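Novice: missing the sequence, but the structure's below:
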């Protein structure tokens with residue numbers, strides 16, 4: 001993944017984003033970190049462990065790509081088990097609950113400003129790393 005870095009004369013240089021390196025900079029769970037953006041979307045990495053809360057996103061799908069470990073995306077009528085290298089897109093409006101028995105690392109893509117809980121009042125503040 002490439003990252004834009006503005007230079008003094010406002011031109012941009014391109015550099016690769018090292019996801020493993022970005023993930024090494026934090027340890028908290030369920031706190032997405034923005035590592036890049038494209039077309040109005042945040043590209044984020046997150047460490048997960050345990051169960052998140054049941055939620056949905058009324059206006060957007062929810063993209064999950066497992067980089068390390070395994071997660072389960074609980075849906076009301078089924079569970080989606082994801083291993084390293086697998087991805088799943090939760091359709092907009094579908095209630096879901098991500099769960100990881102052991103720590104896992106996940107890449108997320110969401111439109112900029114999308115609250116991770118589906119509710120801006122309870123969402124984790126996203127930071128750029």
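Specialist: That came through, no problem. Remember, it's a predicted structure, so these values are computed and weren't measured experimentally.
Novice: just the element for residue 21, please.
Specialist: Per DSSP states H and E, residue 21 falls inside helix 19-23.
Novice: buried set for that helix?
Specialist: 19, 22-23 (16 or more other CB atoms under 10 Å). All C-beta atoms are positioned from the backbone trio N, CA, C, and that covers glycine.
Novice: residue 113 belongs to a strand, doesn't it?
Specialist: No - read with DSSP: H, G, I helix; E, B strand; the rest coil, residue 113 is coil and lies in no strand.
Novice: what's the burial count for it?
Specialist: 11 (other CB atoms under 10 Å).
Novice: phi, psi of it?
Specialist: phi 90, psi 0 (degrees, to the nearest 10).
Novice: so it versus residue 57, what's the distance?
Specialist: Residue 113 sits 11 Å away from residue 57, going by CB to CB, to the nearest Å.
Novice: overlap in contacts, the two.
Specialist: Counting by CB atoms under 8 Å, 6 or more residues apart in numbering, residue 113 and residue 57 have no common neighbour.
Novice: that older thread, can I get the buried residues of helix 19-23 in TSV with distance to residue 102 and pLDDT?
Specialist: Formatted as TSV, the buried residues of helix 19-23 follow (distance: CB to CB, whole Å; pLDDT from 0 to 100):
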residue	distance to residue 102	pLDDT
19	19	96
22	20	97
23	15	97
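Novice: residue 15 pairs with what?
Specialist: residue 3 (DSSP bridges).
Novice: and for it, the neighbour number?
Specialist: 11.
Novice: from residue 35, how far out is it?
Specialist: 12 Å.
Novice: what ranges do the strands span in this protein?
Specialist: 2-6, 12-16, 33-38, 41-51, 62-68, 70-75, 79-83, 87-90, 96-111, 127-128 (DSSP state E).
Novice: so for the most centrally placed residue in the chain, what's the pLDDT?
Specialist: The centroid of the chain falls nearest to residue 108 when counting by CA atoms, centre = their mean (2.6 Å). Looking at residue 108, its pLDDT is 95.
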